[in-house]
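Trainee: pasting the sequence and the predicted coordinates here, then a few questions.
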Amino acid sequence: MATELKTFTGSQFIGKPVLADIEFIPHLETINDFAATNGLKIFVTSSNRVLGIPVVNPNFPPSRMSNHFIGHAIDMNIQIGSTLYNSNALGNFSSLPAAIKAFITAIRNHPVLRWGGDFGDPVHIDDNLNNTNPSLWKQKLPIIQSELTGLTQPGIRTGSGPRLLFLTTPLMEGDDIKAVQKKLISKGFDLGKNGADGLFGQATVNAVLKFQDQEDLEPVDGIVGDKTREALGL
């Protein structure tokens, strides 16, 4: 069993950062390919989740054995051009554009992936591991949750490097965030009235996005990783 929390980026993925188990990454690549074939973008709203933190305004009652907890699921909207198709739109399959129908049909026809619209959750895609192999799901849970804590909480690490900094609920906080904020402020970026408060909120995300764009960093995603830290001089 290979179990490790990874970040995933794909040419068709936008929205929130994707955190996933390494064994789910090939399926995310498949989803990306399906999206590229049909000329659409996957606007991610959720991926790996912390166990025990309630989902705000869920579209579908969360499962106690949700695949989100082990990094084997995403929630998303679908974007074509400037039009975003949310839960309400995706739930009405017959009225969807042909490109989205083709994308969903490709997910449905895949031997492992499943589309949540078939069980009342049209923004959801996963690999059904909680049902096909619940024992493996239970083995992965403590590993992925521990690594998620290591990525997001100050003072705890999953490895020797610094943690990724990105927008979460509740907000990430720590001296490492404050150091990033001070660098951004020193470079002329506006962090709002709270300034360098050590909380990675939306104002900090916006400043990071502008900095990454200014420095021609790829991807411009609002996530502070090694490349962004180096560019900031940290």
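Mentor: Good, I have the coordinates. Numbers count the residues shown, from 1 in each chain.
Trainee: only C-alpha atoms for contact and neighbour calcs from this point on.
Mentor: OK.
Trainee: how near is the residue of the chain most remote from its centre to Leu232?
Mentor: Distance from the C-alpha centroid of the chain peaks at Ser186, with 29.2 Å (Cα atoms, centre = their mean). Separation of Ser186 from Leu232 (Cα to Cα, to the nearest Å) stands at 10 Å.
Trainee: then Leu96?
Mentor: 44 Å.
Trainee: of those two, who's got more company?
Mentor: Between Leu96 and Leu232, Leu232 has the larger neighbour count (other Cα atoms under 10 Å), namely 21 against 14.
Trainee: my read: that one touches Lys183, true?
Mentor: Yes - counting by Cα atoms under 8 Å, Leu232 does reach Lys183; the two are 6.4 Å apart.
Trainee: mind listing the strands for the protein?
Mentor: Counting by DSSP state E, the chain has strands at residues 5-8, 13-15, 18-21, 41-46, 73-80, 83-85, 114-115, 124-126.
Trainee: can you give me the pLDDT of the residue nearest to Gly233 when sequence neighbours are not counted?
Mentor: Spatial nearest neighbour of Gly233, excluding adjacent residues (Cα to Cα, 6 or more residues apart in numbering): Lys183 at 7.9 Å. Looking at Lys183, its pLDDT is 97.
Trainee: ditto for Gly71
Mentor: pLDDT, read off for Gly71, is 96.
Trainee: what's near enough to touch it?
Mentor: Counting by Cα atoms under 8 Å, 6 or more residues apart in numbering, Gly71 makes contact with 5, 19-21, 24, 47-49, 144.
Trainee: do you know how far Asp126 is from Thr132?
Mentor: 12 Å.
Trainee: these two: who's more crowded?
Mentor: Using other Cα under 10 Å, the more surrounded residue of Asp126 and Thr132 is Asp126, with 24 against 11.
Trainee: residue contacts, that one?
Mentor: Contacts of Asp126 (Cα under 8 Å, 6+ apart): 67, 72-74, 113-116.
Trainee: and the pLDDT at Ile143?
Mentor: At Ile143, pLDDT is 92.
Trainee: excluding chain neighbours, what is closest to Phe13?
Mentor: Here the residue nearest Phe13, using Cα to Cα, 6+ apart, is Ile42, at 4.8 Å.
Trainee: count of residues packed around Pro111?
Mentor: 9.
Trainee: just Val112 next, same as before
Mentor: 13.
Trainee: list the contacts for it?
Mentor: Counted by Cα under 8 Å, 6+ apart, Val112 has contacts 127-128.
Trainee: roughly how far does it sit from Met1?
Mentor: According to Cα to Cα, Val112 and Met1 sit 17 Å apart.
Trainee: now for the contacts of Gly71: which two are most distant?
Mentor: Taking Cα to Cα as the measure, these span a maximum distance of 14.6 Å, between Phe24 and Arg49.
Trainee: excluding its backbone neighbours, what's nearest Thr7?
Mentor: Leu19 (4.6 Å).
Trainee: confidence score at the one you found?
Mentor: 89.
Trainee: that one against Thr45, yeah?
Mentor: No - Leu19 lies out of contact with Thr45 (Cα under 8 Å); the separation is 11.5 Å.
Trainee: looking at these two, which is more packed in?
Mentor: Leu19 (24 against 16).
Trainee: contacting residues around that one?
Mentor: 5-8, 47-48, 71.
Trainee: does the residue nearest to Phe13 have beta-bridge partners, and which?
Mentor: Per DSSP bridges, residues listed as beta-bridge partners of Ile42: Phe13, Ile78.
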